[in-house]
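Colleague: Make a model of this:
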Amino acid sequence: MKRTRVEMVCDVHHDDGATTRRLGLDGVVLEIDLCDRGSRQLDEALAPYTAAARRLRADGTIVGTRSPRSMTPPRSTTTGNGNGRVVGAVRPQRTELPVAYDAKAARAWWRAHPKFNGERLPEWRANGALPRVVQDAYRESLAHV
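Modeller: Take a look at the predicted model:
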């Protein structure tokens, strides 16, 4: 019988016993294998920024609110002819979040997390399309890592 053994090695310090960390920046999800020391250093370096940041859901809404930032009404001016026609409407920039995800990883995450943010997710199933609520919760969990 042949066995394969996989050892995780820290990408920064080259120590054994690393775990994979994910973080997102400017719409890109990054993954790095870090040992305890590297993980602590990353947390300490990012602490002032994560403390001041807003958490976003996959649909662009800020956690703790209900309306997406991308749905705010346009600022505009009207013509002086009294018909109220909108001219020069300025649409706000939409906050783009990564739309691609690894469905296999999302399904494994779903099985391990039947609840997310205190809310019960739909019952886990091994095949078929992932429910939108599960996709959104999975993406949100990646943003919190």
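Colleague: Walk me through the domains of this protein.
Modeller: 1-53, 59-97, 99-145 (automatic domain parsing).
Colleague: And the top helix by length along the chain, how far out from the chain middle?
Modeller: Looking across the chain with DSSP state H, the single longest helix is helix 36-52. Here helix 36-52 is found 17 Å from its chain centre; the criterion is C-alpha atoms, centre = their mean, to the nearest Å.
Colleague: do the same with stretch 32-50
Modeller: 18 Å.
Colleague: With stretch 17-37 instead?
Modeller: Counting by C-alpha atoms, centre = their mean, stretch 17-37 comes out at 13 Å from the chain centroid.
Colleague: how about the CA coordinates for that stretch, as CSV?
Modeller: Only the C-alpha atoms of stretch 17-37 are listed here, as CSV (Å, rounded to 0.1, in the frame of the first residue of the first chain):
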residue,chain,number,x,y,z
GLY,A,17,2.6,23.0,10.4
ALA,A,18,1.1,25.9,8.4
THR,A,19,-2.6,26.5,7.7
THR,A,20,-4.1,28.2,4.8
ARG,A,21,-5.4,31.8,5.3
ARG,A,22,-7.6,33.7,2.8
LEU,A,23,-8.0,37.4,2.5
GLY,A,24,-9.5,39.7,0.0
LEU,A,25,-8.2,43.0,-1.3
ASP,A,26,-9.5,45.1,-4.2
GLY,A,27,-11.8,42.4,-5.4
VAL,A,28,-9.1,39.7,-5.4
VAL,A,29,-9.2,36.8,-3.0
LEU,A,30,-5.7,35.7,-1.9
GLU,A,31,-4.6,32.5,-0.2
ILE,A,32,-1.4,32.0,1.8
ASP,A,33,-0.1,29.2,3.9
LEU,A,34,1.2,30.5,7.3
CYS,A,35,2.6,29.1,10.4
ASP,A,36,1.5,30.4,13.8
ARG,A,37,4.2,33.1,13.8
